[in-house]
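[1] Turn this into a model:
(one chain, ligands or ions: 2)
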Amino acid sequence: MSRTIIAPSVLSADFSKLGDEVETIVRAGADWIHLDVMDGHFVPNITFGPPVIKAIRNRTDKVFDCHLMITPADPYLAAFADAGCDVITVHAEAGPHLDRSLQAIRNLGKKAGVSLNPSTPESVIEYVLDRLDLVLLMTVNPGFGGQAFIPSVVEKVKRVKAMIGDRPIDIEIDGGVTPETAPLVAAAGANVLVAGSAVFKGGSEASYRANIEAIRTASDG
Ligand code: DX5
Ligand code: ZN
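    Ligands and ions are numbered 1, 2, ... in the order given. All right, here's what the predicted structure looks like:
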């Protein structure tokens, strides 16, 4: 089994020194950088958009994994691609034309992801599987870091894994990932784990490294 990809969410970083935080978390072992974009409309919180992403793009060449919690998403896809996102994920619940959104992301030369809220059934991806590079299963209701993991999603991970079959699609988990919950979703088939509060706690490179290592060891054994 290949090594789990750890994608720290900068939502839990110190925004007053975001570029430095990105460099530090990469030195501490991050594989991808997870970017939570919130619009105060699709989710009850507001974060940042393309200019901020563009400003930190030159701090690392790691994958920028952009999680769009915005509606509508389609008018902004090109701006996020231009800002330097490598993976662009839209929510299935955020618009009526998921197939169109996924095509638009791939036409921009980026990897296309779909995210499902905890209550959304996996059947919504059935007819877009061949347009997908990543499925992001939310294990909290999106909007805030530091919430408790919703265990019912573990079953959904298994179902999505079965639906995907041998297609090269990543299964990513987002929300409440800790050394305790990571093994549950890794065993169910997830290969990318987002973690915010569990990774950025401690506020120093040494603690970030230990936090990432604890999740990695728990997932990969
Ligand atoms: C929640 C975001 C997550 C969040 C995870 O809406 O999508 O990426 O930052 O934070 P933790 O790991 O603290 O649950
Ligand atoms: Zn996220």
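[2] Run a quick neighbour tally on Ala83.
    A count of neighbours around Ala83, defined by other C-beta atoms under 10 Å, yields 20. Heads up, the C-betas are built off the backbone N, CA and C, glycines and all.
[3] go on, Pro183?
    By the measure other C-beta under 10 Å, the count of residues near Pro183 is 16.
[4] What separation do you get for the nearest residue to it once chain neighbours are set aside and Ile25?
    Nearest residue to Pro183, sequence neighbours excluded (C-beta to C-beta, 6 or more residues apart in numbering): Ala218, at 5.0 Å. Distance of Ala218 to Ile25, computed by C-beta to C-beta, to the nearest Å: 18 Å.
[5] These two: which is more packed in?
    Between Ala218 and Ile25, counted using other C-beta under 10 Å, the more crowded position is Ile25 (27 against 19).
[6] Does that one touch Ser207 like I think?
    No: between Ile25 and Ser207 there is no contact, the gap being 11.0 Å when judged by C-beta atoms under 8 Å.
[7] Return the residues of the protein in contact with ligand 1.
    Counting by C-beta under 6 Å from any ligand atom, the residues of the chain close to ligand 1 are 9, 11-12, 34, 36, 67, 140, 142-143, 145-147, 174-177, 194-198.
[8] ranges for the helices of this structure?
    18-27, 50-56, 77-83, 98-107, 153-164, 182-188, 197-200, 205-220 (DSSP state H).
[9] Any idea which of the ones you listed gets closest to ligand 2?
    helix 197-200 (12.1 Å; C-beta to the ion).
[10] Would you mind pulling up the elements that that closest one packs against?
    Other elements packing on helix 197-200 under the criterion 3 or more C-beta pairs under 8 Å, 6 or more residues apart in numbering; DSSP states H and E are strand 5-8, helix 18-27, helix 205-220.
[11] Could you single out the most deeply buried of these?
    Comparing the helices and strands packed on helix 197-200 by mean neighbour count (mean count of other C-beta atoms under 10 Å), strand 5-8 ranks first with a mean of 26.
[12] List the contacts of that strand.
    With contact meaning C-beta atoms under 8 Å, 6 or more residues apart in numbering, strand 5-8 is reached by 25, 29-34, 63, 65, 170, 172, 191-196, 199-200, 208, 212, 215-216.
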